[in-house]
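**Q** Got a predicted structure here, sequence first:
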Amino acid sequence: MELLYGGVQPIVRILVVGSLSYLCLLAAIRMAGQRPLGRMQSFDLIIAVAIGSMFGRLLTAQEVQFSEAVTAILLLVGIHYLVSILSFRHPTLARWIETEPVLLFYRGRALEREMRRHRITEAELLAAARRGGHASLRDVAAIVLESDGSFSVLGHEGGEGDSTLLGLIRPPS
């Protein structure tokens with residue numbers, strides 16, 4: 001029977017510690033700013049998974065103290081905040097931490113090498129074009145794999161300036 005019900009104390013612990021740690025986690029994320037929530041990159045995902053893992057362990061493991069878990073969460077959020085500030089101030093560090101956008105389709109041509117390198121299929125390009133409201137790739141000037149893993153689909157209506165593509169590696173014309 002103890003397997004199903006270990007008494008009221010573990011349940012009360014989960015309720016109290018869970019509520020307190022949730023409030024601390026919410027405060028820590030608010031202090032870190034909106035960047036982690038608005039622009040999820042692999043860097044942000046690692047922090048989110050680690051914090052989620054700590055939060056889950058705190059709720060279910062009796063041997064983990066509330067103060068230890070909150071300290072670990074604050075440490076991760078603090079490191080994340082520091083690294084995001086440093087990467088903002090030092091572009092070289094930002095390029096090392098964050099992925100760069102990648103041009104996958106340009107002027108009627110799928111860029112096979114980049115698609116292979118990032119394991120993007122033609123079906124995914126077509127799906128991105130459809131989500132962008134394009135019935136045909138003939139209507140698409142470029143498709144970019146953004147740093148957050150989303151696709152940007154650019155139509156021809158913008159003209160020939162290609163200003164949003166500056167900095168991306170262009171294929172030979």
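**A** Yep, that arrived.
**Q** hey, let's count contacts and neighbours off CA atoms from now on
**A** Fine.
**Q** just checking, next helix/strand downstream of the helix or strand bottoming out on mean pLDDT in the chain?
**A** Every helix and strand of the chain was ranked by mean pLDDT, DSSP states H and E. The lowest is helix 35-38, at a mean of 50. Next in sequence after helix 35-38, counting helices and strands by DSSP states H and E, comes helix 42-60.
**Q** what helices or strands is that next one leaning on?
**A** helix 8-32, helix 66-89 (3 or more Cα pairs under 8 Å, 6 or more residues apart in numbering; DSSP states H and E).
**Q** Throw those helices into TSV and include mean pLDDT, thanks.
**A** Below are these laid out as TSV (pLDDT from 0 to 100):
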stretch	mean pLDDT
helix 8-32	81
helix 66-89	85
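**Q** Which among those helices is found nearest to R57?
**A** helix 66-89 (8.6 Å; Cα to Cα).
**Q** Going by neighbour count, list what's buried in the closest one.
**A** Residues of helix 66-89 classed as buried under the neighbour-count rule (16 or more other Cα atoms under 10 Å) are 66, 69-70, 72-74, 76-78, 80-81, 83-84, 87.
**Q** Then stretch 11-19?
**A** Buried residues in stretch 11-19 (16+ other Cα under 10 Å): 14, 17-18.
**Q** same question, stretch 142-154
**A** 142-145, 147-148, 151-154.
**Q** who touches that stretch?
**A** The contact list for stretch 142-154 (Cα atoms under 8 Å, 6 or more residues apart in numbering) reads 39-42, 98-108, 125, 128-129, 132, 140-141, 155.
**Q** Mind pulling up the pLDDT for S163?
**A** The score at S163 is 69. That number is its pLDDT.
**Q** Then the one 10 residues further on?
**A** Note for S173: predicted pLDDT of 48.
**Q** So W96 belongs to a helix, correct?
**A** Yes. Under DSSP: H, G, I helix; E, B strand; the rest coil, W96 falls within a helix.
**Q** is it true that G108 touches R138?
**A** Yes. With contact defined as Cα atoms under 8 Å, G108 reaches R138; the gap is 6.4 Å.
**Q** neighbours around L25, how many?
**A** Number of residues near L25 (other Cα atoms under 10 Å) recorded here: 19.
**Q** List the contacts of it.
**A** Residues 70, 73-74 are the ones in contact with L25 under the rule Cα under 8 Å, 6+ apart.
**Q** quick one: which of those residues is nearest to R117?
**A** I73 (34.5 Å).
**Q** so the closest one touches G52, yeah?
**A** No. Here I73 does not reach G52: they are 9.2 Å apart, not a contact under Cα under 8 Å.
**Q** got JSON lines for the contacts of L25, with distance to P10 too?
**A** Output for the contacts of L25, formatted as JSON lines (distance: Cα to Cα, whole Å):
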{"residue": "V70", "distance to P10": "19"}
{"residue": "I73", "distance to P10": "22"}
{"residue": "L74", "distance to P10": "25"}
